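Asks: predicted coordinates and the sequence they were generated for:
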Amino acid sequence: MTTQVADVEDGHENEHGPATGITRWLFTTNHKDIGTMYLIFSLVMLFIGGSMAFVIRAELFQPGLQLVEPGFFNQMVTMHGLIMVFGAVMPAFVGLANWMIPLMIGAPDMALPRLNNLSFWILPFAFSMMMGTLFMDGGGPNFGWTFYAPLSTTYAPPSVTFFIFAIHMMGASSIMGAINVVVTIVNMRAPGMTYMKMPMFCWTWLITAFLLIAVMPVLAGVVTMMLMDIHFGTSFFDAGGGGDPVLFQHVFWFFGHPEVYIMILPSFGVVSEVIPTFARKKLFGYHSMVYAIIAIAVLSFVVWAHHMFTVGMPLAGELFFMYTTMLIAVPTGVKIFNWVSTMFRGSLTFETPMLYSIAFVILFTIGGLSGIMLALAPVDFVYHDTYFVVAHFHYVLVPGAIFGIFAAVYYWLPKWSGKMYDESLGKFHFWVSFIGLNLTFFPMHFVGLAGMPRRIPDYPLQFADFNMIVSIGAFMFGTSQLIFVYVLIKTLRSGEKAPQRPWEGAEGLEWTVPSPAPYHTFATPPKVD
């Protein structure tokens, strides 16, 4: 009995001969092609979501309503959040997983290649539907990316039904991708590749995939309950019919808090690959890193109500969620200690991936410290729904998730393309992004502590100076991503051929052979005579 191979590694052949043109991309089951499509899709969505942030920051550049109506402002806030979370960050990490996990564990491809193809092609349709709501009667979703009921049910525009179906499709895509990662890592590791020899990137993605499988059905459940309330006369979230609007928050945040870690854990894996390479040392504390990731994942399920301190929960509930939230700082601190210890007394060089990784460690720590402030229930009453919260989660997600993605792309681009990017341009992109990011989000802490509420298109004169600085920083950070696109195009079109050992002083790496060491990077420590 013979079986037809859907795609071979480089030739992309199928039973009808070599696939060419658009059919290669539409029907491919090759993990590299699918990974590339995910990455390109997420880059496009980054610019779309970023352009919506431009609208928000242009409106807030000075007080007084000047550019857009308050309703459209709210639509931009909603779409910006949803597109960045579900359209830019998550597909980028799935793309990195598709590209790198089979290579790192010695597998010929992902375990479920046709499911892999389907999970990608759902996404363009889902986001087309979601963005299409902006052009419908009554406008698009205007209730914030957390879409709290009853604002998103009783008072929502008619387009909310299409928004709900789009969320369902994104969730289905995420669950498929996660199942694929779990099956690949569990079943397709090369002989000798035990769990405790896996690269950290594989470990972080394995745990991320379990989180996705656990929480995406919860999101599906809550949007289905919304659909029922809107069209079928139920009252899950309608107090007039015996329901409870706070129930929505409980179900949403039971999904929403693990979702935050879904967006950050793969970055932990990337940084754990990059820092040992450019420090030319083994990753410090490999086993403690693995256990810390598992601890973070488990704890992420028991802290959801720290988003809800102001709903009037019992004192015992406030104390429980306050202590468990602060407890997450322990495994996170272990990871930061391990990264710093890996760099300590290493032979450091500061290529672009390393710059992004060091910035990740420093800025993510700042985001973590403001997170401990927000974990304190009594003071959270003051911080809640101010720009301090916006500053906190952007310090976690932009230097965390997005800088992690940039580090990964610069680090693995020579592997993917066989060409080296322009190092000076890469560093220029880093420094402009770094300055723009801090100019954008650091002043938000101060306007938040001074009491400026989020999601409001106008504000008192006292916040004008800081908001102007924030908007200038946002325009700087957003436009600097055009440098990144230029670097990618220049690399692919005219980049120099990548050497056998792409990072100076690093020894060659056989990607399809399991590593005997409990880490897996381009580099080994330099030999000492």
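Replies: Right, received. Where do you want to start?
Asks: which stretches of the chain have low pLDDT?
Replies: By pLDDT under 70, the low-scoring segments of the chain are 1-19, 504-529.
Asks: report the longest helix in it, please.
Replies: Looking only at the chain and at elements set by DSSP state H, the helix with the highest residue count is helix 245-279.
Asks: so how far is that helix from its chain's centroid?
Replies: When distances are taken as CA atoms, centre = their mean, to the nearest Å, helix 245-279 is centred 7 Å away from the chain's centroid.
Asks: and that helix, what does it pack onto?
Replies: Contacting helix 245-279 under the criterion 3 or more CB pairs under 8 Å, 6 or more residues apart in numbering; DSSP states H and E are the following elements: helix 90-105, helix 200-231, helix 286-299, helix 329-343, helix 352-375, helix 387-397, helix 403-417. (Each C-beta comes from the backbone N, C-alpha and C, glycine too.)
Asks: can you do 10 Å?
Replies: Applying 3 or more CB pairs under 10 Å, 6 or more residues apart in numbering; DSSP states H and E, one finds that helix 245-279 contacts helix 90-105, helix 160-187, helix 200-231, helix 286-299, helix 329-343, helix 352-375, helix 387-397, helix 403-417.
Asks: which of these sits most buried?
Replies: Taking mean count of other CB atoms under 10 Å as the contact definition, the stretch among the helices and strands packed on helix 245-279 with the greatest mean neighbour count is helix 90-105, which reaches a mean of 26.
Asks: just want the angle from the following helix or strand past that one to helix 160-187.
Replies: Next helix or strand after helix 90-105 toward the C-terminus (DSSP states H and E): helix 113-132. Angle of helix 113-132 versus helix 160-187, following axes from the mean of the first three to the mean of the last three CA atoms, to 10 degrees, is 160 degrees.
Asks: what are the buried residues along helix 113-132?
Replies: Residues 113, 116, 117, 119, 120, 122, 123, 126, 127, 129, 130, 131 are the ones in helix 113-132 that count as buried (16 or more other CB atoms under 10 Å).
Asks: ok, stretch 45-55 next?
Replies: Residues 45, 46, 48, 49, 50, 52, 53, 54, 55 are the ones in stretch 45-55 that count as buried (16+ other CB under 10 Å).
Asks: what angle sits between the longest helix of the chain and helix 286-299?
Replies: On the basis of the same axes, to 10 degrees, helix 245-279 is oriented at 170 degrees to helix 286-299.
Asks: returning to what we had before: so which of the buried residues of helix 113-132 is the closest to residue 305?
Replies: Proximity of the buried residues of helix 113-132 to residue 305 was ranked by CB to CB; the top entry is residue 130 with 27.8 Å.
Asks: one step back: export the buried residues of helix 113-132 to TSV and tack on distance to residue 360?
Replies: What follows is the buried residues of helix 113-132, written out as TSV (distance: CB to CB, whole Å):
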residue	distance to residue 360
113	32
116	28
117	32
119	27
120	27
122	30
123	26
126	29
127	27
129	33
130	29
131	30
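Asks: which one of those is nearest residue 408?
Replies: Using CB to CB, residue 120 comes nearest to residue 408 of these, at 18.2 Å.
Asks: and that closest one, how far from residue 107?
Replies: 19 Å (CB to CB, to the nearest Å).
Asks: same question, residue 484
Replies: For residue 484, the distance to residue 107 under the criterion CB to CB works out to 30 Å.
Asks: many thanks, I have nothing further to ask.
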